[in-house]
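K.L.:
Sequence and predicted structure are below.
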Amino acid sequence: MADKKFAKLDVAKALAERSGLSVSKCRKLVDHFLQVLSARLAESDDPVVLTGFGTFRVTHRKAGSYIVPATGEKKHREAMRHVAFRPGTDLKSRMNEEI
């Protein structure tokens, strides 16, 4: 398994190579894209569909309680919204090409 992460700057550099734009412009583009994606998920429960890549969905977790196994202490968990990602068919196919 690879130890190196592929960070936002790496995405911007790869985008710059493919598009011919500068790395700084691509970095701004990546930042703006992530801001739009984050804002949309924060303000709506509608899924964000990137055809061929996958779907981001907002799910809801109910409030509840749980017990910490190490201490036996009972704790409360607040209800919260959570983002889930489901890869698209094209991404799944590409992931399994080399296997």
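P.N.:
Cool, got the structure. Residues are numbered from 1 along each chain as shown.

K.L.:
Could you list the residues in contact with the helix or strand containing Arg27?
P.N.:
Element membership of Arg27, judged by DSSP states H and E, is helix 23-43. Helix 23-43 is contacted by residues 8-9, 11-13, 15-16, 19, 21, 46, 48, 56, 58, 83 when judged by Cβ atoms under 8 Å, 6 or more residues apart in numbering. Yep, even glycine has a C-beta here, placed from its N, CA and C like the rest.

K.L.:
Equivalent analysis for stretch 10-18, please.
P.N.:
The contact list for stretch 10-18, computed with Cβ under 8 Å, 6+ apart, reads 21-23, 25-27, 29-30.

K.L.:
Which entries within those residues meet the buried criterion?
P.N.:
Among the contacts of stretch 10-18, those buried by neighbour count (16 or more other Cβ atoms under 10 Å) are 26-27, 29-30.

K.L.:
could I get those as CSV with pLDDT and distance to Ser93?
P.N.:
As requested, the buried ones among the contacts of stretch 10-18 are exported to CSV (pLDDT from 0 to 100; distance: Cβ to Cβ, whole Å):
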residue, pLDDT, distance to Ser93
Cys26, 97, 26
Arg27, 97, 29
Leu29, 97, 26
Val30, 97, 25
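
K.L.:
ok and the helix or strand where Ala16 lies relative to helix 23-43, angle-wise?
P.N.:
Here Ala16 sits within helix 8-19, counting by DSSP H and E. Angle of helix 8-19 versus helix 23-43, following axes from the mean of the first three to the mean of the last three Cα atoms, to 10 degrees, is 120 degrees.

K.L.:
list the buried ones in helix 8-19?
P.N.:
By 16+ other Cβ under 10 Å, the buried positions in helix 8-19 come out as 11-12, 15-16.

K.L.:
how far out from the middle of the chain is the helix or strand following the helix holding Arg27?
P.N.:
Downstream of helix 23-43, the first helix or strand assigned by DSSP H and E is strand 48-50. Centroid displacement of strand 48-50 relative to its chain, using Cα atoms, centre = their mean, to the nearest Å, is 11 Å.
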